[in-house]
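Student: got a predicted model here, sequence first, then my questions.
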Amino acid sequence: MGRRKAKKVIFILVEGPTDKECYQNLFDVIFDQSQIVFNINHCDITSDFNSTNINHQISNLVKQKIENERIFKAGDLLQIVLMSDTDGCFIDPSKIVEDLDCTKPVYESDCIRTSNCEMIQKRNEIKGQRLSKIASVPEVNVLRKPVPFMAVYHSCNLEHALFHKNNLTPEQKEEFAFKFTDQYEGRETDFIEDSREYLPDGCKAEYAESWRYIKIGTNSLKPGTNVFCLFQELQEYLTPKGLKVLESCIQKENSSI
């Protein structure tokens with residue numbers, strides 16, 4: 001009997017453990033024709049004051065995973081995905097409001113309240129520039145191999161996009177992640193249709209358009225995610241049931257135009 005061909009790898013970089021907890025089982029089922037590999041960065045690489053090239057940062061994180069864990073090779077990579085919170089980074093500086101009672105930034109629907117406006121403004125400038133850059137990057141080189149790339153955002157963070165809850169504690173984030181996983185157990189492909197509804201209000205289901213839209217006004221403080229665009233991009237790797245759900249969503253989208 002011949003050796004079974006290895007599945008192509010969808011490599012997903014996330015900020016923290018709750019991102020992986022929410023999506024790991026969903027994606028394992030939805031993309032059953034590929035291998036899902038998560039990398040928890042334990043930080044927000046889009047707002048790292050000490051880094052100057054986010055493309056190299058992403059490439060190095062993938063390279064480290066390959067070299068340290070040896071579970072796949074660069075040639076196995078099908079897609080690299082960065083999932084990032086927007087954290088209101090595209091808002092006008094006038095929407096950053098001083099509040100000396102805040103021990104950490106508080107995200108509202110139309111402003112960020114903080115005791116350190118200068119720091120948040122600097123973070124937003126760096127984060128906004130980097131997200132804008134990587135949103136237009138079609139591929140990232142890993143060990144001299146170009147790999148397709150896309151950036152998925154959660155606005156203003158994961159819990160806000162999926163649950164409309166903001167400013168949560170780590171314990172509350174963990175609780176919502178478990179509830180989310182339970183919600184889709186046994187009906188994982190339903191998330192494809194639901195993810196269309198998770199797009200920001202008024203935003204078309206198109207990757208470039210989703211990024212254009214999130215940069216307008218205070219949209220990066222409003223709840224939403226463009227994860228639906230990931231299913232569009234990788235539809236040939238969906239389960240037959242998942243593909244059927246996606247095609248139905250696209251038909252509805254086209255009929256509403």
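Tutor: Structure's in. What do you need?

Student: C-alpha from now on. contacts and neighbour counts both.
Tutor: OK.

Student: list the contacts of residue 79.
Tutor: When the contact criterion is C-alpha atoms under 8 Å, 6 or more residues apart in numbering, the partners of residue 79 are 9-11, 147-150.

Student: format those residues as a markdown table; extra columns: distance to residue 69.
Tutor: Formatted as a markdown table, the contacts of residue 79 follow (distance: C-alpha to C-alpha, whole Å):
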| residue | distance to residue 69 |
| --- | --- |
| 9 | 14 |
| 10 | 16 |
| 11 | 13 |
| 147 | 19 |
| 148 | 22 |
| 149 | 21 |
| 150 | 23 |
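
Student: which one of the residues you listed is nearest residue 36?
Tutor: In terms of C-alpha to C-alpha, no member of the contacts of residue 79 lies closer to residue 36 than residue 10, at 5.1 Å.

Student: quick check: residue 117 vs residue 94, distance?
Tutor: Noted for residue 117: a distance of 10 Å to residue 94, by C-alpha to C-alpha, to the nearest Å.

Student: higher neighbour count, those two?
Tutor: residue 117 (20 against 10; other C-alpha atoms under 10 Å).

Student: residue 10 bridge partners, please.
Tutor: residue 36, residue 79 (DSSP bridges).

Student: ok so, going back, make a markdown table out of the contacts of residue 79 and add neighbour count.
Tutor: Rendered in a markdown table, the data for these read as follows (neighbours: other C-alpha atoms under 10 Å):
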| residue | neighbour count |
| --- | --- |
| 9 | 21 |
| 10 | 22 |
| 11 | 20 |
| 147 | 19 |
| 148 | 16 |
| 149 | 21 |
| 150 | 21 |
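
Student: for the residues you listed, work out which two are farthest apart.
Tutor: Across the contacts of residue 79, the two members that end up farthest from each other (C-alpha to C-alpha) are 9 and 150, 14.2 Å apart.

Student: what is the nearest of the contacts of residue 79 to residue 47?
Tutor: Top of the list for closeness to residue 47, among these and by C-alpha to C-alpha, is residue 150 at 17.7 Å.

Student: what sits against the closest one?
Tutor: Residues 79-82, 134-135, 137-139, 230 are the ones in contact with residue 150 under the rule C-alpha under 8 Å, 6+ apart.

Student: which strand residues bridge it?
Tutor: Legend: beta-bridge partners of residue 150 under DSSP bridges are residue 81.

Student: how close does it get to residue 83?
Tutor: Taking C-alpha to C-alpha as the criterion, residue 150 is separated from residue 83 by 9 Å.

Student: for residue 116, same thing?
Tutor: 26 Å.

Student: and the residue nearest the centre of the chain?
Tutor: To find the centre residue of the chain, average its C-alpha atoms and take the closest one (C-alpha atoms, centre = their mean): that gives residue 83, at 2.5 Å.

Student: and that residue, that one's in a strand?
Tutor: Yes. In this structure, residue 83 lies within a strand as judged by DSSP: H, G, I helix; E, B strand; the rest coil.

Student: report the rounded mean pLDDT for stretch 95-103.
Tutor: The predicted model assigns stretch 95-103 a mean pLDDT of 97.
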